[in-house]
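Participant: Build me a model:
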Amino acid sequence: MAIQVRVRLDEDFCREVAEVYEHAPLFAPDPELAVGYEAFQQESRRQFESVVDSGIRVVPWRGAGQPYRDSADLRAQVRETGVLKLFLTSSGHGPGPSTAPHPLRRLSGVVADGVELTHNDVFRVVHDIHGHVLGGHGFGPRGEFLATRGHMSTFPEPAHTVLFTEQIGQICWFFYGPYGHLPAPRRPYAEQKVFAYERRFLDHFHSLFDHGEP
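Facilitator: Residues are numbered from 1 along each chain as shown. Just a heads-up that it's a prediction; the model follows:
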């Protein structure tokens, strides 16, 4: 019988993560974090190339709104068509263009359907395919926590701090931050920030998962 990873959603923890994200500076890099972002970018690109080599076509989304209604729609369309419609970072990730130099907003050199992708776009492809299509996880907090845990099993350890900030920090801010009381379609995305959470946050994150029979 297959073993299933389960997550215990600690909402007090989620609110604390969101509070830290809300008050963190836009740009607080250090040498260790720079190494983490470099490892994150390299592994994201490697996995992106693996996705494309598997036959998935990545097409930047040029329509209005989001390309998928929910995670089930994402999975169904990708499996039926072999195409992933990518919501570009430039189309609305965060409340607006930031003047802070974020490493994931830089161009990656990867081109999809005539559009050069940012490093953030490259990771979004990896996240959608591995986290939601193959992993079967939803867009809610539990699904995003499980998807991030899956990423941490394939990304090198120096990138885990970046994964936590870019995924769990932003997810918690979206669901438990200052706009969490609004319906999801009316909430803004978190502005991307460059900072590291204290190690205790990653340790607690890992403690939320266990294994059991489905």
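Participant: From Ala196, how far off is the residue nearest to Gly169 when sequence neighbours are not counted?
Facilitator: For Gly169, the nearest residue in space outside its immediate sequence neighbours is Tyr21; the separation is 4.4 Å by CB to CB, 6 or more residues apart in numbering. In short, each C-beta sits where N, CA and C put it, glycine included. When distances are taken as CB to CB, to the nearest Å, Tyr21 and Ala196 turn out to be 12 Å apart.
Participant: His160 now?
Facilitator: Distance from His160 to Ala196, by CB to CB: 10 Å.
Participant: helix/strand/coil for the nearest residue to Asp113 once chain neighbours are set aside?
Facilitator: Counting by CB to CB, 6+ apart, Asp113 lies nearest to Val59, which is 4.9 Å off, once chain neighbours are set aside. In terms of secondary structure, Val59 is strand; the call rests on DSSP: H, G, I helix; E, B strand; the rest coil.
Participant: shared neighbours, His160 and Ala196?
Facilitator: Overlap of the contact sets of His160 and Ala196 (by CB atoms under 8 Å, 6 or more residues apart in numbering) consists of Gly36.
Participant: Give me the distance between the strand of greatest length in the chain and the centre of its chain.
Facilitator: Among the segments of the chain that qualify as a strand by DSSP state E, the longest is strand 107-112. Here the centre of mass of C-alpha atoms in strand 107-112, compared against the chain's by CA atoms, centre = their mean, to the nearest Å, lies 18 Å away.
Participant: Check which residues of that strand are buried.
Facilitator: Taking 16 or more other CB atoms under 10 Å as the basis for neighbour counts, the residues of strand 107-112 that come out buried are 108, 110, 112.
Participant: show me what contacts the second one?
Facilitator: Right, the one you point to is Val110. The neighbours of Val110, taking CB under 8 Å, 6+ apart as the test, are 45, 48, 116-117, 121-122.
Participant: could these go into CSV alongside neighbour count, pLDDT and distance to Ser90?
Facilitator: Conversion of these to CSV gives the following (neighbours: other CB atoms under 10 Å; pLDDT from 0 to 100; distance: CB to CB, whole Å):
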residue, neighbour count, pLDDT, distance to Ser90
Arg45, 18, 98, 19
Phe48, 24, 98, 17
Glu116, 12, 96, 11
Leu117, 25, 96, 10
Asp121, 27, 96, 8
Val122, 26, 98, 13
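Participant: What pairs with the longest strand of the chain, parallel or antiparallel?
Facilitator: Strands flanking strand 107-112 in the sheet, each with its direction: strand 115-118 (antiparallel) (DSSP bridges).
Participant: List the contacts of the partner strand.
Facilitator: Judged by CB under 8 Å, 6+ apart, the contacts made with strand 115-118 from elsewhere in the structure are 60, 86, 88-90, 104-111, 125.
Participant: Which of the residues you listed sits closest to Val5?
Facilitator: Distances from Val5 to the contacts of strand 115-118, taken as CB to CB, are shortest for Val125 (22.7 Å).
Participant: I figured the residue nearest to Asp113 hits Leu84, correct?
Facilitator: Yes. Counting by CB atoms under 8 Å, Val59 sits close enough to Leu84 to count as a contact (7.1 Å).
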